[in-house]
Every structure is written in structure tokens, then in C-alpha cells.
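Visitor: Just a sequence and a predicted model for now, questions to come.
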Amino acid sequence: MQSLDLEVLEHARDWLNAGRRLWLVTVTQTFGASPRPPGSLMAMRDDGIVVGSVSGGCIEDDLVARRDEFTGAKPILQSYGVSAEEARRFGLPCGGQLEVVIEAGLDVARVNALSAKIAAGEVFARVVDLRNGGWSYRSATPTDDTLRNDQEFSCIHGPRWRMLIIGASEIARYLAEVAATLDFQVFICDPREEYHTAWRVAGSTFVDGMPDDAVMAFKPDGHTVIITVSHDPKLDDMALMEALKTDAFYIGAVGSKKTSDERRKRLKEFDLTDSQVARLHGPVGLAIGSRTPPEIAIAILAELVAARNGLMLARANVPGDICAA
């Protein structure tokens, strides 16, 4: 799996190479509740096939129906949901408004350049000149916002979040694959040679060294997630002892409730305060009765997305607490 932006751009490139007409549609700004955030991408082919999305579907249908109206190199701005009737027609939530920019004059070189920058894991702004359709790039940070004024549209691309996984286990494999689609740049640390050799998730970066050194070198910040899934207490604890002192916004460890309680007792024997140990999510993940590596990865990522969106969901009291065990 890969980021949705890359998937959209790869289709766009293939369509252009095949001689098809193409429109790239990007959400520029939203007001009130909206199905997709600013920066969301969609590519539309001349026969009405689309990849990606800018809404729940109705706006895509309107763009496809009107695609031949969108011509020329100058980007076209299109607003939806300005009136209550439009909001109902296009299925926007109550009071929601959404604006997209439609670009009809792209070529393979520009699409490839944008794909390469995203694939490199950079966080950057694609600046679209709304007067002539030209593109330029500038560096950006994960906290920068997508913006539009009368002259230009600045769209932030690249992963806004970083994830460091300790332990190249099967759970890590599924975590890494799906996390890449959720705007995470994924790094793996596992000093066990046999696990390093067997790692096979494209797009993730293997970090050499011991887990505690990897955490310190990572310089965790408020957009960092650290998850331990090695099932080796020595490796997991080594990483957590450093991770819990950092500004990482989410720190979790795989293990049953009993294992998690024992881990907390061990961590308190080191130079960690009660409040630092209390930051640990363990057992990590929502209680959905997960047993297999992909199910456990889904449970972890569901809780992560909730936390990222400002929701802290209560963990169900499940006998045995098998999730992420």
C-alpha cells in the first residue's frame, strides 16, 4: 500500500502516457463540515473514470458530467454548497461548503516531479499560480495549512506524521503497510538480524541500532507515534524508557492487560515519573477482539486515528483482553 496521493498521481501519469485527457482536482478550502479536507486529490479521465475523491461522491458526479467544460491551462475554481439547496444536492453536511481547483493542462513531467517529491517523504508546498496554472515548490512543515488567495493556491503534500515501530514482526508489517495510507512516514527498528533480513514493506525505512538509540535519534515531536511490537520485553522497554520522556503524541505497546501492568511496574523502577508512565497506551489499540496480526494492526491504527482527531475512545472491558496480546 502507499499514500492516496501517490496512487492518484500514478494513475494520472499512466493515463497521460496512454494519450488520455486528464483533469487533476484538489480541494482548496472548506467551510463548516465537509467530507474531505483541503489538499484532497482526485484525478479524472476523459471517459469519466476517477481515482481519489474530493467529497462523498455527488461532487465527483457533477465534475465528471461537466468535465468537457474545464479547458485551458488556467486553473478553474469551483465552489459547492454555497446555498442550502446545493448542500442538499451534493450531500454536504449541514452548513458545509467546499471549493476545488480543477487543472486541465498537466503533463507527465509535472506529475512525475510531484510524485517523486511525495515518494521521497518530503513535506512541501505545491504552489499553483491561479493566473496561469504554473507550479512551483517550497519547503513546508507538518503543521502548515493548505491556503488559497486570489493569486495562488498552496497545497501541502507529504506525510504530516511519523511513526517509529520497534520490532519488525508480522504486526509491524501490517501496521507499516496501512499507516502509509494514513499520512504516516514509517520507520522500523529491530536489532535482530533475522527480522531485519526478512523485512519486506516497501516505502518504510529501517533504522539501524538499538531501540533506545533509535528513539533518541528520531527526535520525537508532537507529530510522532512510537509503537513497540517486538514481543521482546528487553527491546520494547528499552525504547519506551526513552520514548515516554519525549513529546511524542502517542506511545503504545502491544501486550495483554497483565503484560501491560507488569511493563508499567518495570518502567517505574527506572527514572520515569508516574505521569510519564501513565502516557503509555497499553494494551494498545481499540478492543475489537483482535487476534491475528492484521486485526491487531487495525485495532492500533483505529485508536491512533481517533487520538489524532482529538478523540480518546474508552477501551472496552473485555475478559482476557486479547487485543494486541
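Guide: It's in. Note that the structure is a prediction, hence the values are computed from the model and not measured.

Visitor: So Asp213 belongs to a helix, correct?
Guide: Yes: counting by DSSP: H, G, I helix; E, B strand; the rest coil, Asp213 falls inside a helix.

Visitor: What segments of the stretch 1-150 of the chain are strands?
Guide: Here the stretch 1-150 of the chain has its strands, by DSSP state E, counting those that start in this stretch, at 22-31, 41-45, 50-52, 76-80, 97-103, 124-129, 135-139, 147-148.

Visitor: and Thr292, how many neighbours?
Guide: 11 (other CB atoms under 10 Å). All C-beta spots, glycine's among them, are computed from the backbone N, C-alpha and C.

Visitor: ok, now how distant is it from Ser204?
Guide: 20 Å (CB to CB, to the nearest Å).

Visitor: Got the phi and psi for Ala302?
Guide: phi -60, psi -40 (degrees, to the nearest 10).

Visitor: if I look at the residue nearest to it when sequence neighbours are not counted, how far off is Gly252?
Guide: Spatial nearest neighbour of Ala302, excluding adjacent residues (CB to CB, 6 or more residues apart in numbering): Leu286 at 4.9 Å. In this view, Leu286 and Gly252 are 11 Å apart by CB to CB.

Visitor: what residues are shared contacts of those two?
Guide: Shared contacts of Leu286 and Gly252, defined by CB atoms under 8 Å, 6 or more residues apart in numbering, are found at Glu303.

Visitor: Show me which of these two is the more surrounded one.
Guide: Gly252 (25 against 22).

Visitor: one step back: reformat the strands of the stretch 1-150 of the chain as CSV; add distance to His11, mean pLDDT and mean neighbour count.
Guide: Formatted as CSV, these follow (distance: least, CB to CB, whole Å; pLDDT from 0 to 100; neighbours: other CB atoms under 10 Å):
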stretch, distance to His11, mean pLDDT, mean neighbour count
strand 22-31, 9, 94, 22
strand 41-45, 5, 96, 23
strand 50-52, 4, 94, 20
strand 76-80, 21, 93, 17
strand 97-103, 15, 93, 22
strand 124-129, 18, 96, 20
strand 135-139, 19, 96, 12
strand 147-148, 25, 94, 16
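
Visitor: how much space between Leu286 and Gly32?
Guide: 28 Å.

Visitor: swap that for Met238, please
Guide: 47 Å.

Visitor: Please apply the same query to Asp237.
Guide: 46 Å.

Visitor: cool, Glu269 as well?
Guide: Glu269 is 51 Å from Gly32, by CB to CB.

Visitor: cool, Ile102 as well?
Guide: Ile102 is 22 Å from Gly32, by CB to CB.

Visitor: Nearest residue to Leu301 in space, please, no chain neighbours.
Guide: Per CB to CB, 6+ apart, closest to Leu301 is Val178, 5.7 Å.

Visitor: what's the neighbour count on the one you found?
Guide: 17.

Visitor: Which positions in stretch 297-313 come out as buried?
Guide: Across stretch 297-313, burial judged by 16 or more other CB atoms under 10 Å covers 297-301, 303-304, 307-308.

Visitor: For that stretch, what is the distance to the chain centroid?
Guide: Remark: stretch 297-313 is offset 12 Å from the chain centroid, using CA atoms, centre = their mean, to the nearest Å.

Visitor: got the CA positions of that stretch in PDB?
Guide: C-alpha atoms of stretch 297-313 as PDB (Å, rounded to 0.1, in the frame of the first residue of the first chain):
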ATOM      1  CA  ALA A 297      -2.800  -3.600  13.400                       C
ATOM      2  CA  ILE A 298      -6.300  -2.300  12.500                       C
ATOM      3  CA  ALA A 299      -7.100  -2.000  16.300                       C
ATOM      4  CA  ILE A 300      -3.900   0.000  16.800                       C
ATOM      5  CA  LEU A 301      -4.500   2.300  13.800                       C
ATOM      6  CA  ALA A 302      -8.100   2.900  14.700                       C
ATOM      7  CA  GLU A 303      -7.100   4.100  18.100                       C
ATOM      8  CA  LEU A 304      -4.300   6.200  16.600                       C
ATOM      9  CA  VAL A 305      -6.600   7.900  14.100                       C
ATOM     10  CA  ALA A 306      -9.100   8.600  17.000                       C
ATOM     11  CA  ALA A 307      -6.300  10.200  19.100                       C
ATOM     12  CA  ARG A 308      -5.000  12.200  16.100                       C
ATOM     13  CA  ASN A 309      -8.500  13.600  15.600                       C
ATOM     14  CA  GLY A 310      -8.800  14.600  19.200                       C
ATOM     15  CA  LEU A 311     -10.900  11.600  20.300                       C
ATOM     16  CA  MET A 312      -9.900   9.300  23.100                       C
ATOM     17  CA  LEU A 313     -12.200   6.300  23.000                       C
END
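
Visitor: what's the first-to-last distance across stretch 197-217?
Guide: 22 Å (CA to CA, to the nearest Å).

Visitor: and that stretch, which residues are buried?
Guide: Those would be 201, 204, 207, 211-215, for stretch 197-217 by 16+ other CB under 10 Å.

Visitor: before we move on, the earlier item: neighbour count: Met238 and Gly32, which is higher?
Guide: Between Met238 and Gly32, Met238 has the larger neighbour count (other CB under 10 Å), namely 21 against 13.

Visitor: Good, we can wrap up now.
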